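>>> Return atomic coordinates for the entry below.
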Amino acid sequence: MGEQTEIEFVPDEHGGVTVMRDGHPQSHVDVEDPEHLVFEYVQHMAAAIDAIFPGSDPIGVTHVGGAGLSLPRWVHATRPGSPQIVLEPDERLTAAVREELPLPRGHRIRVRPQLGRPGVAALKDASAHVVLVDAFDEGRVPADLQTLEFFAEVARVLRPDGFVAMNCPDEPAWKHVKDVVAGLQEAFRPLRGSAAGGLAPQRAGGEASLALVAMRDVMKGRRYGNTVLLASPGSIDADEVRRQVGRWPFPSGVLAGASLTRRTSGGKPILDGEFRPSPTAPDPGVWRTR
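Numbers count the residues shown, from 1 in each chain. Sure, this is the predicted structure:
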């Protein structure tokens, strides 16, 4: 990071721009049409928001990872007045994006030059409807954004009806995804009781409310690619997520309940102190479907 970061803005024939950082595609931005989302996993995150928070009422969103600010722009366009916090440590990247791809007037997008982990830790309890985790360093999701302890912080920050969506790329066997899902299951396992009166809350026996969205060829284990993992302190209507995902052009699927449990069984939560970032893409800059 810092002064050695190479930032490029690559225009396309449709009026959009791909933001590149050190040779890795970070975001696709269409300033004139912020609802035009190109990366498939970004569409999946938008579909989850539409499924869980339909309509145009403002929602509070925290973004872990900013780059070109594609989803903050989309949230502003679809839910005007939404207060949004973006945790993006690369100040040089943010300054270049603001100059090259200006934000819309009247936005409530606040970019904080912070790493995701301390940035989330500084947020207030139950302060966000949505937390979106889409952070990369040298083409990999940082290890400290995939641990059980980090997910516990995210659960603290979310409202009871809120959810987290995390971009978790992996190889076809989903060995890494299984571990991340195991951490989310533990962190978002429903609580029984309360801490009132000095009594510690007890973990309930039921599984957390989780879902996974991915393109069908990724779902079938045919290639390395993105999965979007959803977790909520409350409940996720997987059928509605499927309906919303189906509105976008990429052929994608949703796993939840028993099907998700079968597909991701055997994972072990990643703990702080374990260096287990996501696998490196086999061909960075190509594997993300445009």
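>>> host element of Val86?
In this structure, Val86 sits in strand 84-87 according to DSSP states H and E.
>>> Can you tell me what sits against that strand?
With contact meaning C-beta atoms under 8 Å, 6 or more residues apart in numbering, strand 84-87 is reached by 60-66, 69, 72, 75-76, 107-112, 114-116, 119-120, 123, 128. Where you see a C-beta, it was placed from the backbone N, CA and C, and this is true even at glycine.
>>> In this protein, where is pLDDT below threshold?
Low-confidence segments of the chain, defined by pLDDT under 70: 1-4, 190-208, 283-290.
>>> Do you have the strands of it handy? List them.
Shown for the chain, the strands assigned by DSSP state E span residues 7-11, 17-21, 24-29, 61-64, 84-87, 109-112, 128-133, 158-167, 191-192, 202-203, 209-215, 228-232, 252-256.
>>> quick one on the thing from earlier: please spell out the ChimeraX selection for the buried subset of the contacts of strand 84-87.
To isolate the buried ones among these in ChimeraX, judged by 16 or more other C-beta atoms under 10 Å, type:
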select :60,61,62,63,64,65,66,69,72,75,76,107,108,109,111,114,115,116,119,120,123,128
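>>> coming back round to it: can you list the strands that the strand holding Val86 pairs with?
On the basis of DSSP bridges, the sheet neighbours of strand 84-87 come out as strand 61-64 (parallel), strand 109-112 (parallel).
>>> And those: which comes nearest Glu240?
strand 61-64 (18.8 Å; C-beta to C-beta).
>>> and the closest one, how far from the chain's centre?
8 Å (C-alpha atoms, centre = their mean, to the nearest Å).
>>> With just CA atoms, put that strand into CSV.
Backbone C-alpha positions of strand 61-64 (Å, rounded to 0.1, in the frame of the first residue of the first chain) are rendered in CSV as follows:
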residue,chain,number,x,y,z
VAL,A,61,-24.7,0.5,5.8
THR,A,62,-21.1,-0.1,6.8
HIS,A,63,-18.8,-1.1,3.9
VAL,A,64,-15.5,-2.9,4.8
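>>> Show me what it is in contact with.
Taking contacts as C-beta under 8 Å, 6+ apart, the residues outside strand 61-64 that touch it are 69, 71-72, 75, 82-88, 116, 119-120, 123, 127-135, 145, 157.
>>> got it, and stretch 128-135?
By C-beta under 8 Å, 6+ apart, the list of residues contacting stretch 128-135 from outside reads 41-42, 45, 49, 52-53, 59-65, 71, 85, 116, 120, 141-142, 145, 154, 157-159, 161-167.
>>> what do you get if the cut-off is 7 Å, keeping everything else the same?
Surrounding stretch 128-135, the residues in contact under the criterion C-beta atoms under 7 Å, 6 or more residues apart in numbering are 45, 49, 53, 59-65, 71, 116, 141-142, 145, 154, 157-159, 162-167.
>>> Going along the chain, name the helices of the protein.
Taking DSSP state H, the helices of the chain run over residues 40-52, 70-78, 91-100, 116-121, 148-157, 175-187, 216-219, 238-245, 257-263.
>>> And these: which comes nearest Met20?
If you check each of the helices of the chain against Met20 by C-beta to C-beta, helix 91-100 wins as the nearest, at 10.2 Å.
>>> could you give the angle of the closest one to strand 24-29?
30 degrees (axes from the mean of the first three to the mean of the last three C-alpha atoms, to 10 degrees).
>>> List the buried residues in helix 91-100.
Neighbour-count burial for helix 91-100 flags Leu93, Thr94, Ala96, Val97 (criterion: 16+ other C-beta under 10 Å).
>>> any chance of the residues you listed in TSV, with distance to Leu210 too?
Listed next are those as TSV, based on distance: C-beta to C-beta, whole Å:
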residue	distance to Leu210
Leu93	31
Thr94	32
Ala96	36
Val97	32
